[in-house]
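Novice: Sequence isn't available, so here's the structure alone:
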């Protein structure tokens, strides 16, 4: 079986989704840890220092390209799968019910992913495009901490970020354990453990992210 | 068991043939006994339609004891109806009460074209089996049955996978229209047994390729297939197939 | 025509080996030019088609279902016999042979049965090699259980789904040959006639059930593997689609129909609840290993089963047959149930049922478990809980099925059961080579008559189907095909094909043109009622004579008043059913005629005129030790007799007391 055959097969595509998904899960961890530096409550000094390091380190910049590639792969593949799955059932059911044990959000990974894509566009324009813009065209860097405060104290952005994080939570809840199943790991003893870790991770990471806008909005951070 | 009679409203999908457009038709059925099976209720309705010079509703069914896998109705949004681990031929009317409305549709999958009304064509499954769902052993080649001892736990697991009746409920119930549960059940059965070992790599690759060719959707690990499978085939089999497939394709030299 | 069974000379245990040593062979190059048509994809059909494909013949395989995997062999629950003697309990080929002949009440052919017992072991080997997951012991070797009518453990099984696992094994072998191009599969096709050229079977006319078009297929030989005809009774444990059409068309084209009156009524089925019922469901015979069958001692008993004390219960099988008790053969158990119900001791709303009770087994197993686990707690609840677990492990799927159908929990209240039509021992007459009297026309599995005599033992149907398909036909067909290598494929434009197609077309058009007032289903129900009442578990001269007249009248009415909706050139299950019921209406009459002719009781055929003073079946070997093979003619069925000779299994009155 050639590489092409492998990665164009249904299972290969899923494996690609799982691999990229895993990478993104790890990335989220890094992202959240660095952002959590705002909670030093030092007016963003440590946080901005860290951001500046990330912005100027070439290795990190190189990784950033990889990160984008992974994002794009995950998104495009996801959309393609979504399309294929819709084509697999041309006439929809008049009525479709699911037993209680089927998590409703597991059926909406496509929709959730699309929300996240929109969220991502907004998020990148807030924090990525503006930094890059300043860096390349104006030679100096934006103060990210101030930018965060500016965005998160705006009720509209605040609400959209909250919605985005709920989508992320649901996407992760399904995605985390799903990736393990795709890799072929389903074990009587270990799968419940993996599920617990997945739930813990998804909730923890989303709460951590959510605390950032909330902290600014509530005025805990200045 | 107390039994009772009921009147029901049925909304049934009618479609003349594969290329025609289908639509729902509504039927009132009266005095249905709670002791009837769901298909016997359809028999009663069909008998009436014949008397009224109308065409009876076509649906697949044969053994009516939940093992042949022919029956295939999507009842009120559930494959094989509301009972779990059950085929629609074994669904009994005591699941309903007087005045209920029931929507009955065929399996909906681009890979299972409608033959007529509620009857679909599941030859795609046969073709997947043709791609590798067997052990290549000609009659007469076999050594004595007890030559190879097989771990009972593994053998039992193989049996659980082999219990698949090939009805297609997994495809019908899957929001993505994926056939992974069906395919993985056969792959697992033969991967778990030493007899299936010599061909296990080519088998899984060929069967998955054929499955993709048939145009089924992709597994989203939603697990509605397992929930709706009349034989309770586990999604562990899907994980096993993923594993087998990855192992086989990564180590394959062609 | 004289009936020559072509049994090879020599000692019984050498016949098959001698035959194989001297049979004509066909070279691989010639096999590629020879075409075989196989009708039906059950155990016999699928295994035959697969094996012949492996040998290199060009096979065309037909089934009316959407996939070959749906054939009704799939529903067999209990198991498959084989003389492996893995349990070291004294089993042997001879014993399996002997018990099968005895169980068949000395109405089967010794030569065929001996061969069946001989190849039984190979079947298990073959199935295991295919990946059939039979039940195993902890040591990893195959497990066996005993089955009704035997005293050794020789039954191999896969939970309560043995038939399914065996069929899927044969189906996968068949699909493998399809992928290799050796077999062409025609599903949703129904065979509607045999085409004969110069006296030999040369092809079929089949109807594509999706398009409704008639299609012609040529074959150097035609194999009928279409199962039994139990659905002539309307209510039976057969699948809804099971039918006699392929066998009956063969019969009308000259093949003799043997022993049509031999039907097996299975003792443990879920009783009929009402008129709406379309089929009956079997509860595996294996349940009788642990369940005790009883009825109340008092007529008109009003108490619930669990409230009836031991002294008011009549365990009638244990009472009448102390040696075998609840494990007597099927025919004996069925008649005993009927006797009790007819005498007014039946239970349930219809009073046509007896109890099958697991309370004692639960208690017994529970106690064993308490000891095994070294528990001090011997309370009734613990025993009952543990006992139920053991019973669930053994019969869980059957108990679930019972509960689904009846809504009652058999762990708590006894099951209600009643006999139902299950299997037909009669079928197309075949010789030792499984060929009918029409050259090139073969019959395998339940569709033939040869191995089970007047009664089939449990777990023997699967054995016979697979023996015929995997191990017998590959040799015997070669013997015929060796003479066919100079016959080129005959084009289906031949006049014989045309005539056959026209006849089929006319019949279909006739059915469609009647446009009467009564549905096919109704005619079928009415036929079933006549058959069940007058040609069912007990038969007598008066009833049978009446039945023949009634069926004739019903048949006439059918052809004047049947109502078939829809059109010809579309999927039309009503039309398919009409054709099948029309054939049942002819077969039913022959069954009654055969039953009337056989003025003795043997196996599943019980003539009330022929019984002992204790009400047991009484055979008459002097006059009836023969196979009744019926020849179809325009106006009448003509009886031919094949005398049965017993070398090793000397007939004796069966006794299970």
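Specialist: Arrived safely. Predicted model, so just to flag it, every value in this text is computed and none were measured. Residues are numbered from 1 along each chain as shown, chains lettered A, B, ... in the order given.

Novice: Tell me how far whichever strand or helix holds residue C:594 lies from the chain's centre.
Specialist: According to DSSP states H and E, residue C:594 maps onto helix C:573-597. Centroid displacement of helix C:573-597 relative to its chain, using Cα atoms, centre = their mean, to the nearest Å, is 17 Å.

Novice: what do you get for stretch C:325-339?
Specialist: So, by Cα atoms, centre = their mean, the centroid of stretch C:325-339 is 18 Å from its chain's centroid.

Novice: So which residues lie in contact with it, not counting its own?
Specialist: C:103, C:146, C:148-149, C:264-268, C:285, C:288-289, C:291-293, C:316-318, C:320-321, C:354, C:417-419, C:422, C:455-458, C:537-538, C:603-604, C:606, C:615-617, C:654, C:656 (Cβ atoms under 8 Å, 6 or more residues apart in numbering or on different chains). The C-beta positions use only the backbone N, C-alpha and C, and glycine is treated the same way.

Novice: Mind listing what's buried along that stretch?
Specialist: C:325-338 (16 or more other Cβ atoms under 10 Å in any protein chain shown).

Novice: Quick one: mean pLDDT for it?
Specialist: Averaged over stretch C:325-339, pLDDT sits at 90.

Novice: Just the ones of the contacts of stretch C:325-339 in strands?
Specialist: C:264-268, C:292-293, C:354, C:417-419, C:422 (DSSP state E).

Novice: hang on, the earlier thing: let's have the buried residues of stretch C:325-339 in TSV, adding secondary structure and distance to residue C:482.
Specialist: Compiled in TSV, the buried residues of stretch C:325-339 are given as follows (DSSP: H, G, I helix; E, B strand; the rest coil; distance: Cβ to Cβ, whole Å):
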residue	secondary structure	distance to residue C:482
C:325	helix	52
C:326	helix	50
C:327	helix	46
C:328	coil	46
C:329	coil	41
C:330	helix	40
C:331	helix	41
C:332	helix	45
C:333	helix	46
C:334	helix	45
C:335	helix	47
C:336	helix	50
C:337	helix	50
C:338	helix	50
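
Novice: Columns distance to residue B:207 on top of those residues, output as a markdown table?
Specialist: What follows is the buried residues of stretch C:325-339, written out as a markdown table (distance: Cβ to Cβ, whole Å):
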| residue | distance to residue B:207 |
| --- | --- |
| C:325 | 49 |
| C:326 | 45 |
| C:327 | 43 |
| C:328 | 47 |
| C:329 | 44 |
| C:330 | 41 |
| C:331 | 45 |
| C:332 | 48 |
| C:333 | 45 |
| C:334 | 45 |
| C:335 | 50 |
| C:336 | 50 |
| C:337 | 47 |
| C:338 | 50 |
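
Novice: what packs against the helix holding residue C:594?
Specialist: strand C:189-197, helix C:245-252, helix C:495-514, helix C:520-534, helix C:541-561, strand C:626-632, strand C:637-643 (3 or more Cβ pairs under 8 Å, 6 or more residues apart in numbering or on different chains; DSSP states H and E).

Novice: name the helices or strands packed onto the fifth one?
Specialist: Helix C:541-561 is packed against helix C:495-514, helix C:520-534, helix C:573-597, with contacts defined by 3+ Cβ pairs under 8 Å, 6+ apart.

Novice: Next, the angle from that helix to helix C:495-514.
Specialist: Angle, helix C:541-561 to helix C:495-514, by axes from the mean of the first three to the mean of the last three Cα atoms, to 10 degrees: 90 degrees.

Novice: State the pLDDT value of residue 96.
Specialist: No chain was given, so I picked chain A. 95.

Novice: other chain: chain C
Specialist: pLDDT, read off for residue C:96, is 96.

Novice: that's a helix at it, yeah?
Specialist: Yes: secondary structure of residue C:96 (DSSP: H, G, I helix; E, B strand; the rest coil): part of a helix.

Novice: So what's the residue count around it?
Specialist: 28 (other Cβ atoms under 10 Å in any protein chain shown).

Novice: so residue C:524 makes contact with residue C:579?
Specialist: No: in this structure, residue C:524 is not within contact of residue C:579 by Cβ atoms under 8 Å, at 11.9 Å.

Novice: any idea how far chain B is from residue C:137?
Specialist: 7 Å (Cβ to the nearest Cβ, to the nearest Å).

Novice: what's the answer for residue A:166, then?
Specialist: Taken as Cβ to the nearest Cβ, the span from residue A:166 to chain B is 20 Å.

Novice: Let's verify the closest residue to that residue other than its chain neighbours: helix, strand, or coil?
Specialist: Leaving aside its sequence neighbours, residue A:166 sits nearest to residue A:206 (Cβ to Cβ, 6 or more residues apart in numbering or on different chains; 7.8 Å). Following three-state DSSP, residue A:206 is assigned to helix.

Novice: and residue A:206, what does it touch?
Specialist: So residue A:206 contacts A:165-166, A:168-169, A:172 (Cβ under 8 Å, 6+ apart).

Novice: Equivalent analysis for residue C:227, please.
Specialist: Neighbour list for residue C:227: C:40, C:42, C:71-73, C:238, C:242, C:445-447 [criterion: Cβ under 8 Å, 6+ apart].

Novice: Return the residues in contact with whichever residue of the stretch 1-150 of chain B sits closest to chain A.
Specialist: Taking Cβ to the nearest Cβ as the measure, the point where the stretch 1-150 of chain B comes nearest chain A is residue B:77, at 3.5 Å. Taking Cβ under 8 Å, 6+ apart, we find residue B:77 in contact with A:93, A:95-98, B:103.

Novice: picking up where we left off before, just say which of the helices and strands packed on helix C:541-561 is most tucked in.
Specialist: helix C:573-597 (a mean of 23; mean count of other Cβ atoms under 10 Å in any protein chain shown).

Novice: In the chain, what residue spans correspond to helices?
Specialist: Just going to use chain A. Here chain A has its helices, by DSSP state H, at A:3-8, A:10-35, A:45-56, A:58-87, A:109-124, A:130-133, A:144-152, A:155-182, A:190-218.

Novice: The intended chain is chain B.
Specialist: B:38-51, B:123-130, B:152-162, B:169-173, B:180-192, B:200-213, B:224-228, B:236-251.
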